[in-house]
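S.K.: with the input below, show me the fold.
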Amino acid sequence: MSLADVAAADRFVDLAGLLESCEVDGFHADFLSWGHYRPEYWRNYWHSHSFHEVCLAYSGAGRFNSGSVEYDVRPGSVFLARPGDVHEIESSRTEPLGIAFWGFTFRPGTDETGWWSGLTRADGPVLSDRTGSLPALIAALAAEAAAPLSGYNTALAALGSTLVLETARAFALDEDLAVEPVRRDRGPLVVAAMQRHLRDNLSRPITVRDVAAAAHLSERHAERLFQQQTGASIMSTLRRLRLELAAQLLLDPALTVTDVARSCGYSDVRPFSTAFRRHYGRTPGEHRRTGGTEFI
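M.R.: Here you go, the predicted structure:
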């Protein structure tokens, strides 16, 4: 999504009444204004707000005056007026400025460190070129507002929360955005994906190659990782899962033993019965007659 897509977000203003508040990382935000200035000459004179107002320039040029400082704005500029900041914006006459803007209250408490520091620090920057995903969010919000569909409340709340988060990130200090990387052992996740593939395809012919491909691994790597994590091979696990499924299906009187065998990946009853007896110590018919229980 590019800045050009924001130009089509005329319906951004229609979010008024559709998206009024959201929760962001445990903090509450109330949206008070949504707007869109087309690229033509305009000026809003000196004023202030009791809330945060943010603008994203998507075309043209202009100036943003905040207090005694004047900033040049161009496509990709994100500029912020915090509560109480006296400011004004004026479009260039020769290169008319197009912007999308949004206003919201934000009360994170007393902690001024974190992704929200860009909103809470009175001495923080008011101009940023960190657009991040803001253009995409604005276009997505405008699209939802233009034609709300079933579930739009959930979609808008999620997009609105991300909008507040990305807005704050645009103005936060680098050190307040830094987090310790999460180091996760991918082994269990990859093996879980392989096990899901086995369970989802018990009635189909499966090879180690198929399972390895599903996990985007070589056959050798997949087999070694699976063995390390589970203590069993891929194919022995497949056989166990098939027979466990068979034990359940045999309790359904509507299914013949042949039906059960085929549902568990066996093309013929004979190898199925042999494997079942080796695993459970009784034939499929005996298992069915005893209702899956054993008596000593």
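S.K.: from here on, contacts and neighbour counts on C-alpha atoms
M.R.: OK.
S.K.: relative to Leu249, how far out is Val14?
M.R.: Careful, residue 14 is Asp and not Val. Distance, Asp14 to Leu249, by CA to CA, to the nearest Å: 55 Å.
S.K.: so Ser161: helix, strand or coil?
M.R.: Three-state call for Ser161 (DSSP: H, G, I helix; E, B strand; the rest coil): helix.
S.K.: ok so, going back, Asp14 and Leu249: which is more packed in?
M.R.: Set Asp14 next to Leu249 and count neighbours by other CA atoms under 10 Å: Leu249 wins out with 20 against 17.
S.K.: which residue ranges of the stretch 1-150 of the chain form strands?
M.R.: 21-24, 27-37, 43-47, 52-59, 62-66, 69-73, 78-81, 87-91, 98-106, 127-128 (DSSP state E, counting those that start in this stretch).
S.K.: so which of these comes closest to Leu238?
M.R.: strand 21-24 (43.8 Å; CA to CA).
S.K.: now Asn153: which helix or strand?
M.R.: helix 152-171 (DSSP states H and E).
S.K.: next SSE downstream of that helix?
M.R.: helix 174-177.
S.K.: returning to that earlier point: the strands of the stretch 1-150 of the chain: which one's closest to His279?
M.R.: Short answer: strand 21-24, nearest of these by CA to CA, at 52.7 Å.
S.K.: so what strands line up beside the closest one?
M.R.: strand 27-37 (antiparallel) (DSSP bridges).
S.K.: pull the CA atoms of the partner strand into PDB?
M.R.: What follows is strand 27-37, C-alpha atoms only, in PDB (Å, rounded to 0.1, in the frame of the first residue of the first chain):
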ATOM      1  CA  PHE A  27      -4.800   1.600  27.100                       C
ATOM      2  CA  HIS A  28      -8.000   3.300  26.000                       C
ATOM      3  CA  ALA A  29      -8.300   5.700  23.000                       C
ATOM      4  CA  ASP A  30     -11.400   7.800  22.000                       C
ATOM      5  CA  PHE A  31     -11.500   9.000  18.400                       C
ATOM      6  CA  LEU A  32     -12.900  12.500  18.100                       C
ATOM      7  CA  SER A  33     -12.300  13.400  14.500                       C
ATOM      8  CA  TRP A  34     -11.600  12.000  11.100                       C
ATOM      9  CA  GLY A  35     -10.900  14.000   8.000                       C
ATOM     10  CA  HIS A  36      -9.500  14.200   4.500                       C
ATOM     11  CA  TYR A  37      -8.200  17.400   2.700                       C
END
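S.K.: pull the distance from it to the chain's centre.
M.R.: Offset of strand 27-37 from its chain centre (CA atoms, centre = their mean, to the nearest Å): 22 Å.
S.K.: just stretch 65-84 next, same as before
M.R.: 31 Å.
S.K.: and the helix holding Asn153, what's buried?
M.R.: 152, 155-157, 159-171 (16 or more other CA atoms under 10 Å).
S.K.: check the gap between Ala147 and Pro96 for me.
M.R.: Applying CA to CA to Ala147 and Pro96 gives a distance of 29 Å.
S.K.: who has more neighbours, the two?
M.R.: Pro96 (19 against 9).
S.K.: how long is stretch 72-91 end to end?
M.R.: 10 Å.
S.K.: now that stretch: buried residues?
M.R.: Applying 16+ other CA under 10 Å to stretch 72-91 flags 73-83, 85-91 as buried.
S.K.: coming back round to it: output the contacting helices and strands for the helix holding Asn153.
M.R.: strand 21-24, helix 117-120, strand 127-128, helix 134-146 (3 or more CA pairs under 8 Å, 6 or more residues apart in numbering; DSSP states H and E).
S.K.: buried deepest among these, which one?
M.R.: helix 117-120 (a mean of 24; mean count of other CA atoms under 10 Å).
S.K.: before we move on, back to that, pick out the shakiest of the helices and strands packed on helix 152-171, pLDDT-wise.
M.R.: Among the helices and strands packed on helix 152-171, helix 117-120 carries the lowest mean pLDDT, a mean of 86.
S.K.: for that helix, give me every contacting residue.
M.R.: His52, Arg82, Glu112, Gly124, Pro125, Ala168, Arg169, Ala170, Phe171, Ala172, Leu173, Asp176 (CA atoms under 8 Å, 6 or more residues apart in numbering).
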